[in-house]
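**Student:** Pasting the sequence and the predicted coordinates here, then a few questions.
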Amino acid sequence: MTARPLTALPLILTLLGGCAVGPDFQTPQAPAAAGYGKDIVLPPAGDTTQRLVPDGDVAADWWHIFQSEPLNTLVRQALATNPTIAAGQAALRQALENVAAQRGFFYPSVSAGVDASRNLTPLAAVSPAGPNGNPYYSLITPQLNVSFAPDVFGANRRALESLQAQADNQRFMLEATWVTLTSNIVAAAIQEGSLRGQIQTIEQTVRIETDLLTILRAQQRLGQVSGGDVAAQEAALAQAQQQLPPLRKQLAQQRDALIALAGRFPDEDITQTFDLTSFRLPAELPVSLPADLVKQRPDVRQAEENLHAASANIGQAVAARLPQITLTAQVGNSANSAGNLFTPGTNFWSLTGGLTQPLFDGFALMHRQRAAQAAFDQAAAQYQGTVLSAFQNVADALRALQSDADAVNAASAAEQAAGRSLVIARKQLQLGQVAYLTLLNAENTYAQARLLQVQAQAARLADTAALFQALGGGWWHRIPAAENTLQKAGQEMPPGLP
């Protein structure tokens, strides 16, 4: 068996590596926007004044800014056990394997085989195959088959480019899953803290209403208040108690949500519990430059890779309309017995080249190219829409923080004023200077003010977390295992191929 016809294959691979037809992808330019809105300034609120830091960076573990060790522990546990992360990692591995598989088309396809047969010669029609006149003969044929389709017009390179873009899309989807999971955990923990704060406020109100009812009943026995006043206080107490079951239900469901985010079943409780005192409001908030936002947002990067894949698909559609070249080679031996396989005169080889040019296919290839161009236009529009949504998310978060500061100030002032009013009303009622209705109104005002204060504080914390999510979540500061896999999956192309 000889392999001399294959010695020219490296040269053939080099010479036939042409250029890739179709558009070369260009990364979209960053928007020319100068900022995220006018007059965005965070006023002082409560004991903490938040300050925006232009061109500030987001840490990978940004949730540490809340200085809550239970929150940090829960996020670590969720990242290790939540199945959405594992699913994203598996999808990325699948995409990388598809890339590696497509690289194989740059190389010749080589297969080996052996055919063995036992035959009877029809003596009435032909002479015996052997020199001894025996009509029975054997034939053994080992051979090596080589086929290669040179990527003259870059169809395979465009296919590889498209698959690589899809793999990058999966990578950024995994990053988006990571950011979404951590943000959801922080938001759920803050919401749990808010619900606990509201429940504590209502429970305190119930205790106050109960104490007042005890006082009024004693005064009724002394003839100082009427039965109507006692009945009104009983109604006020019942009304306060009615607010607890819905809040407790929400807290239980929020607890279930946190357990699920941690990758556990409902009967596997987590040890961490949260109230509003568990969190510290960060004083400095980073605000990325608009030109950096499109690089930081994983959804924008996903849209960019979709656009990249669509661009490469145009090249594939163009290449399909151009001549297709195939090269095949066969080399082997054929003999009547295994012992004679390598004797002179038993070897054979063939080298074949073919060229096929589509002439007419009912305009199918033309329409497929136009469809690929339309898909690119669609991906370009979707990219622009994703960019606009990203800027809107940041602007909304900043506007929310601006309003939150005002809401915290207003709620704190209202709570303090309502508290003073309630103290005065109690003293006046004891001195007989006001009617009971005045005290009842003061109680309701104070209870509502405390609830609004808790809700305002929770909203400020939640919107702070939303800003970090809107800015991309800091994923670019970590080196995930998936990225290492991406680097390891890279293989060198054959010599002469770009």
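**Tutor:** Great, that's in hand. Note that the structure is a prediction, hence the values are computed from the model and not measured.
**Student:** Helix or strand: which one has G332?
**Tutor:** Per DSSP states H and E, G332 falls inside strand 324-333.
**Student:** Tell me the strands beside the next helix or strand after that strand, with direction?
**Tutor:** Where DSSP H and E defines the elements, the next helix or strand beyond strand 324-333 is strand 347-356. Next to strand 347-356 in the sheet, as set by DSSP bridges, lie strand 324-333 (antiparallel).
**Student:** ok, back up a step: tell me the mean pLDDT over the strand holding G332?
**Tutor:** For strand 324-333, mean pLDDT rounds to 92.
**Student:** So N169 is in contact with P298, correct?
**Tutor:** No: applying CB atoms under 8 Å, one finds N169 not in contact with P298, separated by 10.0 Å. Glycine gets a C-beta too; all of them are placed from N, C-alpha and C.
**Student:** Spell out the residue ranges of the helices in this protein.
**Tutor:** Along the chain, the stretches classed as helices by DSSP state H are 9-15, 69-81, 83-103, 155-221, 227-242, 244-261, 290-296, 298-319, 364-430, 436-470, 481-488.
**Student:** and those, which one is worst for confidence?
**Tutor:** When I compare the helices of the chain, helix 481-488 is least confident, with a mean of 43.
**Student:** okay, now the spatially closest residue to T343 that is not a sequence neighbour: neighbour count?
**Tutor:** Closest residue in space to T343, ignoring its immediate chain neighbours: A335 at 6.9 Å, by CB to CB, 6 or more residues apart in numbering. Neighbourhood size, A335 [other CB atoms under 10 Å]: 18.
**Student:** Who are the contact partners of A335?
**Tutor:** Contact analysis of A335 by CB atoms under 8 Å, 6 or more residues apart in numbering lists L139, I140, L341, T343, T346.
**Student:** from those residues, which would you call buried?
**Tutor:** I140, L341, T346 (16 or more other CB atoms under 10 Å).
**Student:** got CSV for the residues you listed, with pLDDT and distance to P246 too?
**Tutor:** As requested, the buried ones among the contacts of A335 are exported to CSV (pLDDT from 0 to 100; distance: CB to CB, whole Å):
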residue, pLDDT, distance to P246
I140, 90, 85
L341, 84, 88
T346, 86, 91
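**Student:** Please report how far the closest residue to Y436 other than its chain neighbours lies from Q433.
**Tutor:** Once flanking residues are discounted, Y436 sits nearest to D229: 4.1 Å by CB to CB, 6+ apart. Separation of D229 from Q433 (CB to CB, to the nearest Å): 15 Å.
**Student:** what about those two, which has more around it?
**Tutor:** The neighbour count for D229 versus Q433, taken as other CB under 10 Å, is higher for D229 (20 against 11).
**Student:** residues in contact with that one?
**Tutor:** Neighbours of D229 in contact, by CB under 8 Å, 6+ apart: L216, Q220, Y436.
**Student:** Just the buried residues from these, in ChimeraX please.
**Tutor:** To isolate the buried members of these in ChimeraX, using 16+ other CB under 10 Å:
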select :216,436
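**Student:** which among the contacts of D229 gets closest to P31?
**Tutor:** Closest approach to P31 among these (CB to CB): Y436, at 62.4 Å.
**Student:** Could you check how far V21 is from A379?
**Tutor:** According to CB to CB, V21 and A379 sit 19 Å apart.
**Student:** Check the offset of stretch 438-455 from the chain's centre.
**Tutor:** In terms of CA atoms, centre = their mean, to the nearest Å, the centre of stretch 438-455 is found 43 Å from the chain centre.
**Student:** Go through the helices of the chain and pick out the most buried.
**Tutor:** helix 298-319 (a mean of 24; mean count of other CB atoms under 10 Å).
**Student:** Report the angle between it and helix 364-430.
**Tutor:** 170 degrees (axes from the mean of the first three to the mean of the last three CA atoms, to 10 degrees).
**Student:** helices or strands next to helix 298-319 in the packing?
**Tutor:** On a contact count with 3 or more CB pairs under 8 Å, 6 or more residues apart in numbering; DSSP states H and E, helix 298-319 meets helix 155-221, helix 290-296, helix 364-430.
**Student:** Repeat the analysis, applying 7 Å as the threshold.
**Tutor:** Applying 3 or more CB pairs under 7 Å, 6 or more residues apart in numbering; DSSP states H and E, one finds that helix 298-319 contacts helix 155-221, helix 364-430.
**Student:** excluding its backbone neighbours, what's nearest the residue nearest the centre of the chain?
**Tutor:** Centroid-nearest residue in the chain: A176, 2.5 Å away (criterion: CA atoms, centre = their mean). Nearest non-adjacent residue to A176, counting by CB to CB, 6+ apart: P298, 3.9 Å away.
**Student:** Distance of the one you found relative to Q200?
**Tutor:** To Q200, P298 is 38 Å away according to CB to CB.
**Student:** What of Q220?
**Tutor:** Counting by CB to CB - Q220 and Q200 are separated by 30 Å.
**Student:** ditto for Q166
**Tutor:** Q166 is 51 Å from Q200, by CB to CB.
**Student:** Likewise for Q224?
**Tutor:** Applying CB to CB, the value for Q224 to Q200 is 32 Å.
**Student:** cool, and L216?
**Tutor:** 25 Å.
**Student:** I figured G472 hits D299, correct?
**Tutor:** No: counting by CB atoms under 7 Å, G472 sits too far from D299 to count as a contact (9.1 Å).
**Student:** what's near enough to touch the spatially closest residue to G419 that is not a sequence neighbour?
**Tutor:** Of all residues not flanking G419 in the chain, Y446 sits nearest, at 5.9 Å (CB to CB, 6+ apart). By CB atoms under 7 Å, 6 or more residues apart in numbering, Y446 lies in contact with A418, G419, L422.
**Student:** can you rerun that using 8 Å?
**Tutor:** By CB under 8 Å, 6+ apart, the residues touching Y446 are E415, A418, G419, S421, L422.
**Student:** so which of those comes closest to A310?
**Tutor:** If you rank the contacts of Y446 by distance to A310 using CB to CB, E415 comes first, at 55.5 Å.
**Student:** Now do the contacts for that closest one.
**Tutor:** E415 is in contact with Y446, A449, R450, L452, Q453, counting by CB under 8 Å, 6+ apart.
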